[in-house]
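Asks: I'd like to go over a predicted model; first the sequence, then the structure.
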Amino acid sequence: GGAMSKVMAVAMALLLNGCGYALVGRGTVVDPTIKKIGVPTFVNATGKAALDQKITQRVIEELLRRGRFDVVQERSGVDALVEGELLRYDAQPVGFSAEAGGGGATTTQASRYAITVTARIRYGKVGEPEPIWSSEGFQFRDEYEVGSDPASFFDREEQAIDRLATSFARSLVATMLEAF
């Protein structure tokens with residue numbers, strides 16, 4: 001009976017995986033009628049230029065990478081919407097280095113920064129009042145070394161923001177589609 005029960009277990013697993021229903025978060029059923037997801041550009045309340053475009057673009061790419069639906073950057077003609085508002089962008093020094101200055105003085109400079117993005121996100125079916133998933137304070141954090149050349153500071157911050165946008169999108173999409 002061992003071989004038969006193995007075959008049955010595999011058949012059950014395939015059956016369960018193939019039907020498009022899965023549990024997400026608070027026991028919500030993923031709706032197989034969601035074929036097209038709209039991801040309008042996130043609202044940017046952070047004051048950090050272009051952060052909205054970067055993160056929106058990465059979220060779209062990440063949803064497409066999952067390959068289960070069409071993803072467009074608009075609100076109309078879609079089954080579900082991912083709406084986001086970037087609430088905060090924080091850059092805080094988390095590491096310091098001391099450098100000898102002129103006249104024997106030592107200056108302490110930030111050598112490592114942590115950047116955090118906080119967003120309000122809502123993922124839901126069009127026309128339904130209750131979201132499938134939402135968060136008032138979805139957060140992601142990354143760190144970067146400043147290096148000794150002040151001229152490269154903004155480059156390093158930009159690279160960190162790129163990394164953060166990608167990680168943020170991966171984490172967000174994985175959380176939204178938890179059990180896909």
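Replies: Yep, it's here.

Asks: how about residue 79, what does it touch?
Replies: 31, 33-37, 69, 125-126 (C-beta atoms under 8 Å, 6 or more residues apart in numbering). C-beta here means a position set from N, CA and C on the backbone, and glycine is covered the same way.

Asks: Give me the subset of these that lies in strands.
Replies: Under the assignment DSSP state E, those contribute 36-37, 125 to strands.

Asks: Quick check on the spatially most distant residue from the centre of the chain: phi, psi?
Replies: The C-alpha centroid of the chain is most remote from residue 103, which lies 47.9 Å away (C-alpha atoms, centre = their mean). Backbone torsions for residue 103, taken as degrees, to the nearest 10, come to phi 70, psi 30.

Asks: do the one 10 residues further on as well
Replies: Recorded main-chain torsions at residue 113 are phi -120, psi 150, according to degrees, to the nearest 10.

Asks: One more: residue 57?
Replies: As for residue 57, its main-chain torsions (degrees, to the nearest 10) stand at phi -60, psi -40.

Asks: which residues of the protein score low on pLDDT?
Replies: 1-30, 101, 179-180 (pLDDT under 70).

Asks: mind listing the helices for it?
Replies: 2-18, 51-66, 153-176 (DSSP state H).

Asks: what's the second one in contact with?
Replies: With C-beta under 8 Å, 6+ apart as the contact definition, helix 51-66 has outside contacts at 37, 39-44, 69, 71, 73, 82, 84, 86, 89, 117, 119, 161-162, 165-166, 168-170, 172-173, 177, 180.

Asks: give me the number of residues near residue 89?
Replies: Neighbourhood size, residue 89 [other C-beta atoms under 10 Å]: 18.

Asks: Name the nearest residue to residue 40, ignoring sequence neighbours.
Replies: residue 75 (5.2 Å; C-beta to C-beta, 6 or more residues apart in numbering).

Asks: any idea how far residue 60 is from residue 78?
Replies: Distance, residue 78 to residue 60, using C-beta to C-beta, to the nearest Å: 12 Å.

Asks: With residue 133 instead?
Replies: For residue 133, the distance to residue 60 - C-beta to C-beta - is 17 Å.

Asks: which residue sits closest to residue 77, ignoring its sequence neighbours?
Replies: Nearest non-adjacent residue to residue 77 (C-beta to C-beta, 6+ apart): residue 36, at 7.0 Å.

Asks: beta partners of the one you found?
Replies: Under the criterion DSSP bridges, residue 36 forms beta bridges with residue 70.
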